[in-house]
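Novice: The following comprises the amino acid sequence and a computationally predicted model.
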Amino acid sequence: ETAIKTYGRTELAQLYFPAICPRAAWAKLRLYMSGYPQLNELLQTGHRSFMPSEVAIIFDYLGRP
């Protein structure tokens with residue numbers, strides 16, 4: 001089970017999409033997240049990492065990687 005901790009955005013994306021390069025993994029995760037208003041808000045912050053509370057919200061919507 002994936003721990004809820006602070007993750008860099010690319011680090012988190014690679015957990016969801018380990019078979020593709022980091023840049024493509026982030027692009028794909030960003031696309032998935034943009035489909036949910038609450039997750040889209042997290043994308044708008046411009047932060048390069050997600051705090052544990054934000055990771056928990058992402059896991060709630062997308063499931064654990």
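Specialist: On my side now, so go ahead. Numbers count the residues shown, from 1 in each chain.
Novice: Quick one: name whatever helix or strand follows the helix ranked longest in the chain.
Specialist: As assigned by DSSP state H, the longest helix anywhere in the chain is helix 22-34. Next helix or strand after helix 22-34 toward the C-terminus (DSSP states H and E): helix 37-44.
Novice: re the thing from before, which parts of the longest helix of the chain are buried?
Specialist: A25, W26, L29, M33 (16 or more other Cβ atoms under 10 Å). Where you see a C-beta, it was placed from the backbone N, CA and C, and this is true even at glycine.
Novice: Over to stretch 51-65?
Specialist: Buried, per 16+ other Cβ under 10 Å, within stretch 51-65: E54, V55, I57, I58.
Novice: These into CSV, with extra columns for secondary structure, pLDDT and distance to H47?
Specialist: Formatted as CSV, the buried residues of stretch 51-65 follow (DSSP: H, G, I helix; E, B strand; the rest coil; pLDDT from 0 to 100; distance: Cβ to Cβ, whole Å):
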residue, secondary structure, pLDDT, distance to H47
E54, helix, 97, 8
V55, helix, 98, 12
I57, helix, 97, 14
I58, helix, 98, 13
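Novice: and the two most separated of the residues you listed?
Specialist: V55 and I57 (7.3 Å; Cβ to Cβ).
Novice: Does the closest residue to A56 other than its chain neighbours lie in a helix or a strand, and which?
Specialist: Nearest non-adjacent residue to A56, counting by Cβ to Cβ, 6 or more residues apart in numbering: I4, 5.2 Å away. For I4, there is no helix or strand it lies in under DSSP H and E.
Novice: can you give me phi and psi for I4?
Specialist: phi -90, psi 110 (degrees, to the nearest 10).
Novice: Ok, Y7 next?
Specialist: Per degrees, to the nearest 10, the backbone of Y7 is at phi -130, psi 140.
Novice: Quick check: beta-bridge partners of it?
Specialist: F50 (DSSP bridges).
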